[in-house]
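Colleague: give me a 3D structure for the following:
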Amino acid sequence: MMERSLSSRRQRSRERVPPKGLDDRASRTIILEAALTEFAQRGFDGASTRRMGDRLGIQHPLITYHYRTKDILWRAVAEYAFAEIRETWDIRIPPDSSLSAVDRVREEFRAFLQFTIQHVDFHQFMLRESMPGSPRLKWLVKNMLQPTMNRLVPQIAEAQKDGDLPAGDPILIYYMLIGCMSVLSSLRDEIRATSGLDGTDSAVTESYWRLVDSTIFGR
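Modeller: I've put the predicted structure just below:
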């Protein structure tokens with residue numbers, strides 16, 4: 001019994017040793033990108049940190065060193081994705097921007113479209129947690145989704161008052177735009193199979209954006 005306990009402690013100690021070859025920031029980034037794909041494809045319960053390591057060609061302790069549990073890793077993926085979205089918005093539309101409400105909305109959703117193309121598994125990652133009974137949805141709503149809505153919905157409402165967006169519940173317009181921006185990534189395999197179009201191709205993405213721009217924003 002004592003030998004097994006000692007062996008277990010030694011194993012845990014080895015997994016806390018920082019792996020060599022990558023600095024912490026680079027390590028975290030490649031782990032989070034791989035984890036986003038793993039969670040999107042297999043869901044939280046089916047996801048495996050060992051398979052993530054195999055996918056990256058790295059040792060399993062590299063993941064467990066940074067993220068001790070799968071729950072911690074999942075939350076880190078969500079925080080990573082939404083932080084990147086917010087950072088892009090803050091760069092493109094700074095607080096002192098003179099853009100009109102509709103132009104702010106337009107720039108933010110265009111940036112979101114580009115994000116979904118660069119992270120094609122993001123939409124599926126989110127949909128996994130919209131399933132009935134997800135124990136992570138409450139956390140996701142409080143920490144990620146509600147703050148995002150609190151930023152965008154008032155801008156949509158203001159653009160509606162200016163006559164620059166259609167009348168209607170601004171929350172429904174918000175989700176309509178989320179759906180529009182996500183379709184190229186979420187249906188990429190179907191689009192490719194039925195039409196031969198590659199939704200991640202820059203020419204296709206730009207053509208799609210022009211459709212959205214003219215249909216919704218009247219450009």
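Colleague: right, and residue 27 touches residue 64 too?
Modeller: No: assessed by CB atoms under 8 Å, residue 27 is found out of contact with residue 64, at 11.9 Å. Every C-beta, even on glycine, is put in place using the N, C-alpha and C of the backbone.
Colleague: ok, the residue lying closest to residue 51 once chain neighbours are set aside - contacts?
Modeller: Nearest non-adjacent residue to residue 51, counting by CB to CB, 6 or more residues apart in numbering: residue 38, 6.4 Å away. Residue 38 sits next to 47, 48, 51, 52, 55 when contact means CB atoms under 8 Å, 6 or more residues apart in numbering.
Colleague: which residues of the chain fall in helices?
Modeller: Counting by DSSP state H, the chain has helices at residues 2-15, 24-46, 49-56, 60-66, 70-92, 101-118, 122-128, 137-140, 146-161, 170-186, 188-195, 202-216.
Colleague: what comes up buried for stretch 153-167?
Modeller: 153, 155, 156, 157, 158, 159, 160, 164, 165 (16 or more other CB atoms under 10 Å).
Colleague: equivalent analysis for stretch 178-188, please.
Modeller: By 16+ other CB under 10 Å, the buried positions in stretch 178-188 come out as 178, 180, 181, 182, 183, 184, 185, 186, 188.
Colleague: quick one: least confident helix or strand in the protein?
Modeller: Least confident helix or strand, the chain: helix 2-15 with a mean of 40, by mean pLDDT, DSSP states H and E.
Colleague: enumerate every residue touching residue 47.
Modeller: So residue 47 contacts 35, 38, 39, 70, 74 (CB under 8 Å, 6+ apart).
Colleague: scan the contacts of residue 38 and report the most crowded one.
Modeller: Neighbour counts for the contacts of residue 38, by other CB atoms under 10 Å, peak at residue 52, which reaches 26 neighbours.
Colleague: hmm, it is touching residue 34, no?
Modeller: Yes: using CB under 8 Å, residue 52 makes contact with residue 34 at a distance of 4.7 Å.
Colleague: would you put the C-alpha positions of stretch 143-154 in PDB?
Modeller: The C-alpha trace of stretch 143-154 is given here as PDB (Å, rounded to 0.1, in the frame of the first residue of the first chain):
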ATOM      1  CA  ASN A 143     -19.100  34.800 -17.800                       C
ATOM      2  CA  MET A 144     -19.000  34.900 -21.600                       C
ATOM      3  CA  LEU A 145     -22.400  35.200 -23.300                       C
ATOM      4  CA  GLN A 146     -24.100  37.800 -21.200                       C
ATOM      5  CA  PRO A 147     -21.200  40.200 -21.300                       C
ATOM      6  CA  THR A 148     -21.100  39.800 -25.100                       C
ATOM      7  CA  MET A 149     -24.800  40.500 -25.400                       C
ATOM      8  CA  ASN A 150     -24.500  43.500 -23.000                       C
ATOM      9  CA  ARG A 151     -22.000  45.000 -25.400                       C
ATOM     10  CA  LEU A 152     -23.800  44.300 -28.800                       C
ATOM     11  CA  VAL A 153     -27.500  44.400 -28.100                       C
ATOM     12  CA  PRO A 154     -27.600  48.100 -27.000                       C
END
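Colleague: before I go, just wanted to say thanks for your time.
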